[in-house]
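Trainee: Pasted the sequence and its predicted model underneath.
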Amino acid sequence: MKADDSYLQPLLEGVKQYVVPLFQRAYSWKKDEWAMLWKDLMEVYGTEEERDHFFGALVTLPISMAPVGVNKFLLIDGQQRLTTVFIILALIRDLASASDTMLATQIEELFLINRFEHGPNRYKLLPTQADRDTFMHMIDKSLLATDGQIDNAVEYFRARLQEVHPETKMPLDLNHLRITLLTRFSVVSVVLDPKENPYRIFESLNGKGRRLTQADLVRNYFFMQIPEVAVQNKVYTDYWRPMDQALGDKLTYFFFRYLTKDGKWVRQDDIYDEVKGRLGTGKPDMVIDELKTLNRFAGYYKRLLEPTHEPNQDIRRRLERLNHWESSAAYPFLLAAYADYAEHRVTSDELVRVLWAVESYMVRRFYCRVPTRPLNRIFIAMHKAIKDKTDFVAATQSYLAEREWPSNGDFLEGIERTPLYSSGTTKCRHILDALEQHLTKNHEPVDLLHERITIEHIMPQTLMPQWQTELGEEWKTVHSTYVHTLGNLTLTGQNEPMGNKSFEHKLEVYQESNFALNQSLAKWRHWDGDTIRKRGRELGKVACEIWKPPGSC
């Protein structure tokens, strides 16, 4: 290892290329980092004294130091900073091309490209595949809109370059700005010995800059086990990148659910260590096989998160319903169960019934106020406990029944008394939608997704004097106790016109409604606490039919 003080200019001059290894993350700097760099640049730009700004360390590993051709370095640390420098230089070049073609040409041929090289060797920086096309198009002054972070950085710095200096209030001198960036931003250039392990160095730098996620570390580990660059590129394109694009910042959570689906508890901060422990210094074929498996399970996980990707209509509906209940604790089991279905160990009908059972379990526990803390361990251990049972559906129900699946009596009492609306409008709407769908079995259903359909409080949230009179002397107690409970809620497309009007006025609207929930209101001539309790019990019994007890799903 050799460390020297330097500046950006000598590190960029000459026929050379910095290659961002596959085990690095894509460009991820955001506005906070861009703003800090721009602030530092403006401070140095605006000072007459020869004051440098320390820009950090750049850690590289020589990978091709030929006497003729491009000298190549793996960029082990400093990718985010160096990529941002290239973005700023490219934008200075673009702005200068209209007024100072010599400056524009100088920046391009000395600091952005290797003039006499072709193909990928032409570029002084070669990012990871995720950013490569966007970066090359930026350097080549051709458009490629991707909505990625490089595009966002370009937009940010283009706007800054067209502003005046914050202190002098004068337009920026592009040549002075170029000189400031290249000759007054100092770095420590750390060049590793070719015999050193770049991954180990990278791993030790995890605490610097934007912290690496567990998914970043897993990616690093996999690709350092595949020494051949051509194989790395193919594996990345075929298996890793589709996963990364599909799941994005949810990739770490996917790894957690994948690693725990078979019953082993793994802390989210230990995902990387767990993967290393399972594979060790695995042979490339072994690592590639694991990546293929991960890629397949990532596709299953995507369907759990976004059921619109699920082709089976019945499974899709059950997943959509289940996702209303913040069911992430169940994902390790659901991931394993979906794999059983995808790999033909479980039928679609069995999976639908299993999903129904899990939904009933989650809904009943929620309204019976059963603590949620044990859910993670319950569902992590679940698939291992039942996978070898002859009847997968019965085994699912039996397993959950032994772990506080509330009875009809407990559920009925819980859903009647719970201030449903206060538990969250998403959950409340899901309950009402499910009740409406169940009650309209033999009727033409209402479009529940219509934007005008909202939750309606029959007894309003704000009481007018007429309502206070109708509720009687205890109107304050009745209102605070029952206003958000199931018995006082319905669905309507006429919420605004009804407002806080009397029950008699609202009843006229309800009687004209297509909602089954509203048509049943016609039998009530008066609305008070007793009426709300009775209607709540009636709807609670319907809820017991929808979210069935063990053995009925």
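Mentor: Noted; the coordinates are in hand. Please read all numbers here as calculations on a predicted model, not as lab measurements.

Trainee: Could I get the contacting residues of residue 400?
Mentor: By Cβ atoms under 8 Å, 6 or more residues apart in numbering, the contact set of residue 400 is 357-358, 361, 378, 550. Backbone N, C-alpha and C define where each C-beta goes, glycine included.

Trainee: Mind doing that once more with 6 Å?
Mentor: Taking Cβ atoms under 6 Å, 6 or more residues apart in numbering, we find residue 400 in contact with residue 361.

Trainee: Please report the distance of it from residue 472.
Mentor: Computed as Cβ to Cβ, to the nearest Å, the residue 400 to residue 472 distance reads 44 Å.

Trainee: What lies in contact with the top helix by length along the chain?
Mentor: The helix that spans the most residues within the chain, counting by DSSP state H, is helix 284-305. Where contact means Cβ under 6 Å, 6+ apart, the residues beyond helix 284-305 that reach it are 222, 225-226, 235, 239, 243, 246, 254, 258, 309-310, 334-335, 338-339.

Trainee: just curious, which of those residues is nearest to residue 461?
Mentor: Nearest to residue 461 out of those is residue 334 (Cβ to Cβ; 36.6 Å).

Trainee: hey, where'd the strands end up in the stretch 101-250 of the chain?
Mentor: Under the criterion DSSP state E, counting those that start in this stretch, the stretch 101-250 of the chain contains strands at 125-126, 185-191.

Trainee: Strand partners (parallel or antiparallel) of the shortest one?
Mentor: Looking back up the chat, that one is strand 125-126. Looking at strand 125-126 with DSSP bridges, its paired strands and their directions are strand 16-19 (parallel).

Trainee: And the next helix or strand past the strand it pairs with?
Mentor: Elements were assigned by DSSP states H and E; along the chain past strand 16-19, the next helix or strand is helix 31-45.

Trainee: May I have that next one as CSV, with CA atoms only?
Mentor: Output of helix 31-45 as CSV, limited to C-alpha atoms (Å, rounded to 0.1, in the frame of the first residue of the first chain):
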residue,chain,number,x,y,z
LYS,A,31,-29.1,16.4,-2.4
ASP,A,32,-27.5,16.6,1.1
GLU,A,33,-24.1,15.4,-0.3
TRP,A,34,-24.3,17.5,-3.4
ALA,A,35,-25.1,20.6,-1.4
MET,A,36,-22.2,20.0,0.9
LEU,A,37,-19.8,19.6,-2.0
TRP,A,38,-21.1,22.7,-3.7
LYS,A,39,-20.8,24.7,-0.5
ASP,A,40,-17.2,23.6,-0.1
LEU,A,41,-16.4,24.4,-3.8
MET,A,42,-18.0,27.9,-3.5
GLU,A,43,-16.0,28.7,-0.4
VAL,A,44,-12.7,27.7,-1.9
TYR,A,45,-13.6,29.4,-5.3
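
Trainee: Name the helix or strand for residue 549, please.
Mentor: Using DSSP H and E, no helix or strand contains residue 549.

Trainee: How many residues are close by it?
Mentor: For residue 549, the count of nearby residues is 19 (other Cβ atoms under 10 Å).

Trainee: Contacts only, for it.
Mentor: With Cβ under 6 Å, 6+ apart, residue 549 has these contacts: residue 408.

Trainee: show me where pLDDT drops low in this structure?
Mentor: Within the chain, the set of residues satisfying pLDDT under 70 comprises 1, 23, 64-68, 143-146, 194-212, 229, 281-282, 441-451, 495-497, 552-553.

Trainee: let's go with 50 and repeat that
Mentor: 207-209, 442-444 (pLDDT under 50).

Trainee: Would you map out the domains in it?
Mentor: Under automatic domain parsing, the residue ranges defining each domain of the chain are 2-209, 229-305, 307-406, 413-546.

Trainee: Of these, which stretch is the most buried?
Mentor: Between the domains of the chain, the one whose residues have the most neighbours on average, counting mean count of other Cβ atoms under 10 Å, is domain 307-406 (a mean of 19).

Trainee: and the end-to-end length of that domain?
Mentor: Looking at domain 307-406, the gap from its leading to its trailing residue is 27 Å under the measure Cα to Cα, to the nearest Å.

Trainee: what's the answer for stretch 172-190, then?
Mentor: End-to-end distance of stretch 172-190: 33 Å, with Cα to Cα as the criterion.

Trainee: Could you do stretch 139-155 as well?
Mentor: Using Cα to Cα, one end of stretch 139-155 lies 14 Å from the other.

Trainee: which outside residues touch that stretch?
Mentor: Outside of stretch 139-155, the residues within contact range by Cβ under 6 Å, 6+ apart are 27-28, 87, 90, 112, 123, 131, 134-135, 137.

Trainee: doesn't residue 369 fall inside a strand?
Mentor: No: secondary structure assignment (DSSP: H, G, I helix; E, B strand; the rest coil) places residue 369 in coil, not in a strand.

Trainee: coming back round to it: could you dump the domains of the chain into TSV with distance to residue 217 added?
Mentor: Compiled in TSV, these are given as follows (distance: least, Cβ to Cβ, whole Å):
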stretch	distance to residue 217
domain 2-209	7
domain 229-305	4
domain 307-406	20
domain 413-546	34
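
Trainee: out of the ones you listed, which comes closest to residue 218?
Mentor: The closest approach between residue 218 and any of those, judged by Cβ to Cβ, belongs to domain 229-305 at 5.2 Å.

Trainee: what about that closest one, distance to the chain center?
Mentor: Centroid separation between domain 229-305 and its chain, computed with Cα atoms, centre = their mean, to the nearest Å, is 16 Å.

Trainee: Turn the strands of the stretch 101-250 of the chain into a markdown table, including distance to residue 294.
Mentor: Conversion of those to a markdown table gives the following (distance: least, Cβ to Cβ, whole Å):
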| stretch | distance to residue 294 |
| --- | --- |
| strand 125-126 | 26 |
| strand 185-191 | 33 |
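
Trainee: Nearest approach to residue 436 belongs to which of those?
Mentor: Closest among the strands of the stretch 101-250 of the chain, once you apply Cβ to Cβ, is strand 125-126, at 57.0 Å.

Trainee: which residues sit against the closest one?
Mentor: 17-19, 86, 120.

Trainee: and if you look at stretch 367-380?
Mentor: 260, 329-330, 332-333, 403-404, 406, 410, 414-415, 418.

Trainee: Repeat the analysis, applying 8 Å as the threshold.
Mentor: With contacts defined as Cβ under 8 Å, 6+ apart, stretch 367-380 is touched by 260-261, 263-265, 329-334, 365, 400, 403-404, 406, 410-411, 413-415, 418, 423.

Trainee: ok, of the contacts of stretch 139-155, which one's closest to residue 485?
Mentor: Here the nearest of these to residue 485, counting by Cβ to Cβ, is residue 28; it sits at 46.6 Å.

Trainee: and the contacts of stretch 139-155, which two are the farthest apart?
Mentor: Going by Cβ to Cβ, the pair spanning the contacts of stretch 139-155 furthest: 28 and 112, at 21.8 Å.

Trainee: I'd like the distance between residue 119 and residue 126.
Mentor: In this structure, residue 119 and residue 126 are separated by 11 Å, where distance is defined by Cβ to Cβ.
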